[in-house]
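Novice: coordinates for the following, if possible.
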Amino acid sequence: MAQERLQKILSEYGVASRRKAEELIAAGKVKVNGHPASLGDKADARRDTITVSGKKLGNIGEKPQEYTYILLNKPRGVVTTLNDEQGRRCVADLVADAGVRLVVRGLSLSAMRIPSTV
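Specialist: Residues are numbered from 1 along each chain as shown. This is a model prediction of the structure:
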């Protein structure tokens, strides 16, 4: 496995979102091979020992979850986020009973090159 940005690795392992992982790195809570990590650092999850707040990432080299894809026709008025600071209804509310970790990816019909008349 090639080296990847630490925030991407932490996100894939379910530690935090990429943005929150950047905050953990900046706060000095992430170490690679015993050395404090810095924003922009890369690591190889198979070779390097990565710890967050003293806890080693589990199953190094193997992603901890299988992916489940949910194609959702989002109703009007629902925002594409996991939680909303303004208290609006979000897509996480619609799939709360799916029993899987949700990663939101917004995608429009125009981005998929599907005519909107479908």
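Novice: show me where the protein has helices.
Specialist: Ranges of helices within the chain are 6-12, 18-26, 91-94, 109-112, based on DSSP state H.
Novice: what about these, which gets the closest to Leu102?
Specialist: helix 91-94 (5.8 Å; C-beta to C-beta). To be clear about C-beta, it is placed using only N, CA and C from the backbone, and glycine gets the same treatment.
Novice: quick one: buried residues of the closest one?
Specialist: Counting neighbours by 16 or more other C-beta atoms under 10 Å, one finds that the buried residues in helix 91-94 are Val91, Ala92, Leu94.
Novice: what's the closest non-adjacent residue to Ile50?
Specialist: If you skip the residues right next to it in sequence, Ile50 has Leu57 as its closest partner in space, 4.8 Å away by C-beta to C-beta, 6 or more residues apart in numbering.
Novice: now that neighbour: how far from Val32?
Specialist: 10 Å (C-beta to C-beta, to the nearest Å).
Novice: which neighbours do these two share?
Specialist: Counting by C-beta atoms under 8 Å, 6 or more residues apart in numbering, the shared contacts of Leu57 and Val32 are Ile50.
Novice: picking up where we left off before, tell me the most buried of the helices of the chain?
Specialist: Here the criterion is mean neighbour count by mean count of other C-beta atoms under 10 Å, and of the helices of the chain the winner is helix 6-12, at a mean of 21.
Novice: contacts only, for the closest residue to Thr51 other than its chain neighbours.
Specialist: What sits nearest to Thr51 in space, not counting adjacent residues and going by C-beta to C-beta, 6+ apart, is Lys31, at 4.8 Å. Contacts for Lys31 were tallied using C-beta under 8 Å, 6+ apart; they are Ala37, Ile50, Thr51.
Novice: touching, the first one and Val30? I think so.
Specialist: Same thing as Ala37. Yes. Between Ala37 and Val30 there is a contact at 4.3 Å, judged by C-beta atoms under 8 Å.
Novice: coming back round to it: just list whatever residues bridge to the residue nearest to Thr51.
Specialist: Per DSSP bridges, residues listed as beta-bridge partners of Lys31: Pro36, Thr51.
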